[in-house]
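[1] what's the 3D shape of this:
(4 chains)
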2 protein chains.
Amino acid sequence: MTDARKEQVRAMAGIKEGASNGGGAAKPVAQRLLATATRLFAEQGYDRTSVQEIVDAAGVTKGALYHYFGSKEDLLHEVYGRVLRLQQERLDRFADADAPVEQRLRDAAADVVVTTIENLDDTKIFFRSMHHLSPEKDKQVRAERRRYHERFRALIEEGQHTGVFSADVPADLVVDYHFGSVHHLGTWYREDGPLSPQQVADHLAGLLLRALRP
Amino acid sequence: MTDARKEQVRAMAGIKEGASNGGGAAKPVAQRLLATATRLFAEQGYDRTSVQEIVDAAGVTKGALYHYFGSKEDLLHEVYGRVLRLQQERLDRFADADAPVEQRLRDAAADVVVTTIENLDDTKIFFRSMHHLSPEKDKQVRAERRRYHERFRALIEEGQHTGVFSADVPADLVVDYHFGSVHHLGTWYREDGPLSPQQVADHLAGLLLRALRP
DNA sequence: TGGGACATACCGACTGGTTAGTCTGCCCCT
DNA sequence: AGGGGCAGACTAACCAGTCGGTATGTCCCA
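    This next block holds a predicted model:
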């Protein structure tokens, strides 16, 4: 299989289940491999998870994995791409809405918390294993992250310029402030804990908005 | 060398330089090994750093490393112990001070930011590689971290009970909120950036205090 | 004061095990 | 009959930890 074809297959690995997949048949192999790898990376870390472990857990062999993916690192990169696309798309939606800036920021800030918790495996991997990427892929991921960061910062600056947010703290720092708490969710949030994802999101967004009160 | 003796030597690895070390002589080997390992772990991650790399960079051989440390993991654990002891000691000092609770919380919150930045290599390792510890050491580290967390939470609860902090957000969540931003420092803070450690600390402590205003 | 007994500090070759990735070939669908 | 989709044995590299060995003290008793 050519590398270009692999690219296509990787893109398809994210498609919804059961599209062209009749009855009780199992997930397509590429999808199953990515899902299995995601879980294992989140549980044990990237370096501690061997390719053999992944294929065993997915019920296939190395031949299958290297048929669909070019390398172990490709799996990691795939996870990153998924998270980045999802969060960027959602941020854009909230930031472009027709509402006062306080509301847009609150909604965007809360939404990223909810989607982070709902994809906690992906985001755990994202924050914990970023430095395992090769220089080129790392550069690409950083560029996409910067785009996200800047969109978020623009919201805060808008509020600062129009006077609804305090301007005596750098907007950049506020972005990292909020994403620190988002980043940290993977460390402490437990599904069986006392707070629902939405409750956590409301609290964190509330704290951010209050910290920004003039 | 017995294991108990190794314990002693490890404890000494933290001593100040030049105590019984005359003239221009290099650092003691154990100290140099730990410092080198810390730097390499922070740069490349624990799993990506081989023991051979560490001893090469420190200018010794494996024999020396295993003379002073029981295992590669011991080096990691040593870094953790250093960070935990330092931060717990400082938190206790600020929390026990004779001042209004707002002031004590502000000082403690700002101090942990400054010491985190000043020991950014250690804290990078701490947050990124915690899950590389063996179950027993992990348990020990978690216990010490919980003690730290609870001391910090007590400060917030005190303020909530006396009415100087808003009580409509769980104190636990506020602790994780702040430590999220501290945790995150290793990702974005650059020594050559526009803000000094103290400035970052003042901003972050300010944001926390404002978020807690009733 | 000299010398044996023992400890410390370190060297570096070696071992057993693991790992990512490759390659050849079979099976099945079209 | 030709190629996509995989199986599974294989390889070359690497890695943590071990172990026998050496050099440099230090202590103690004759």
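
[2] near DNA strand C, anything from stretch A:59-74?
    Yes: Stretch A:59-74 is in contact with DNA strand C by CB under 7 Å from any atom of the strand, via A:62-63, A:66, A:71-73. All C-beta spots, glycine's among them, are computed from the backbone N, C-alpha and C.

[3] sort these by pLDDT and name the bottom one.
    Lowest-confidence member of the residues of stretch A:59-74 next to DNA strand C: A:G63, scoring 89 (pLDDT).

[4] hmm, the helix or strand containing A:Q199 touching chain B?
    Element membership of A:Q199, judged by DSSP states H and E, is helix A:197-211. Yes: Helix A:197-211 comes into contact with chain B (CB under 8 Å from any CB of the partner chain), by way of A:200, A:203-204, A:206-208, A:210-211.

[5] can I get those residues in a markdown table with pLDDT?
    Shown next, in a markdown table, are the residues of helix A:197-211 next to chain B (pLDDT from 0 to 100):
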| residue | pLDDT |
| --- | --- |
| A:V200 | 98 |
| A:H203 | 98 |
| A:L204 | 98 |
| A:G206 | 98 |
| A:L207 | 98 |
| A:L208 | 98 |
| A:R210 | 97 |
| A:A211 | 97 |
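
[6] which one of those residues is nearest to A:K137?
    A:L204 (30.0 Å; CB to CB).

[7] count of neighbours near the closest one?
    25 (other CB atoms under 10 Å in any protein chain shown).

[8] distance of it from B:G180?
    9 Å (CB to CB, to the nearest Å).

[9] next: A:A35.
    With the distance defined as CB to CB, A:A35 ends up 27 Å from B:G180.

[10] interface residues of chain A facing DNA strand D?
    Residues of chain A lying near DNA strand D (CB under 7 Å from any atom of the strand): A:1, A:9, A:29-30, A:55, A:59-64, A:66-68.

[11] what's the nearest residue to A:A35 if we skip its chain neighbours?
    Among residues not flanking A:A35 along the chain, A:K27 sits closest, at 7.4 Å (CB to CB, 6 or more residues apart in numbering or on different chains).

[12] what are the buried residues along the longest helix along chain A?
    In terms of residue count, the longest helix belonging to chain A (DSSP state H) is helix A:135-161. Neighbour-count burial for helix A:135-161, counted by 16 or more other CB atoms under 10 Å in any protein chain shown, picks out A:137, A:140-141, A:144-145, A:148-149, A:151-153, A:155-160.

[13] picking that back up, of the residues of stretch A:59-74 next to DNA strand C, which pair is most distant in space?
    Spatial extent of those (CB to CB) is set by the pair A:G63 and A:E73 at 18.4 Å.

[14] of the two, who's got more company?
    Remark: of A:G63 and A:E73, A:E73 carries more neighbours, 14 against 8, as counted by other CB under 10 Å.

[15] what about the more buried one, which SS state?
    What DSSP: H, G, I helix; E, B strand; the rest coil gives for A:E73 is helix.

[16] quick one: contacts for it?
    Residues in contact with A:E73 (CB atoms under 8 Å, 6 or more residues apart in numbering or on different chains) are A:132-134, A:137.

[17] how much space is there between the closest residue to A:E158 other than its chain neighbours and DNA strand C?
    In space, and not counting its chain neighbours, A:E158 is closest to A:V101: 5.2 Å by CB to CB, 6+ apart. Counting by CB to the nearest atom of the strand, to the nearest Å, the gap from A:V101 to DNA strand C is 46 Å.

[18] A:V101 reaches A:H161, doesn't it?
    No: using CB atoms under 8 Å, A:V101 makes no contact with A:H161, being 9.5 Å away.

[19] confidence-wise, which helix or strand of chain A is lowest on average?
    helix A:3-12 (a mean of 50; mean pLDDT, DSSP states H and E).

[20] is any residue of the helix or strand following that one near DNA strand C?
    For helix A:3-12, the following helix or strand on the C-terminal side (DSSP H and E) is helix A:29-44. No: residues of helix A:29-44 contacting DNA strand C under CB under 7 Å from any atom of the strand: none, with a closest distance of 10.1 Å.

[21] restrict helix A:29-44 to CA atoms and write it as CSV.
    Extracted C-alpha coordinates of helix A:29-44, given in CSV (Å, rounded to 0.1, in the frame of the first residue of the first chain):
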residue,chain,number,x,y,z
VAL,A,29,-9.4,-2.8,11.8
ALA,A,30,-7.8,0.6,11.4
GLN,A,31,-10.4,2.1,13.7
ARG,A,32,-10.0,-0.6,16.3
LEU,A,33,-6.2,-0.2,16.3
LEU,A,34,-6.4,3.6,16.8
ALA,A,35,-9.0,3.2,19.6
THR,A,36,-7.0,0.5,21.3
ALA,A,37,-3.8,2.5,21.0
THR,A,38,-5.5,5.5,22.5
ARG,A,39,-6.6,3.6,25.5
LEU,A,40,-3.3,2.0,26.1
PHE,A,41,-1.3,5.2,25.6
ALA,A,42,-3.6,7.0,28.1
GLU,A,43,-3.2,4.2,30.6
GLN,A,44,0.5,3.4,30.4
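
[22] residues of that helix that come out buried?
    Neighbour counts over helix A:29-44 (16+ other CB under 10 Å) mark A:29-38, A:40-42 as buried.

[23] then stretch A:52-62?
    Judged by neighbour count (16+ other CB under 10 Å), stretch A:52-62 contains these buried residues: A:54-55, A:57-58, A:60.

[24] what residues are up against A:T38?
    Going by CB under 8 Å, 6+ apart, A:T38 touches A:79, A:121-122, A:125.

[25] if I look at it, how far off is B:K62?
    For A:T38 relative to B:K62 (CB to CB), the value is 36 Å.

[26] same deal with A:E191?
    Going from A:E191 to B:K62 by CB to CB gives 44 Å.

[27] can you give me the neighbour number for A:F69?
    Using other CB under 10 Å as the criterion, A:F69 is surrounded by 22 other residues.

[28] cool, and the one 3 residues further on?
    A:K72 has 19 neighbouring residues, counting by other CB under 10 Å.
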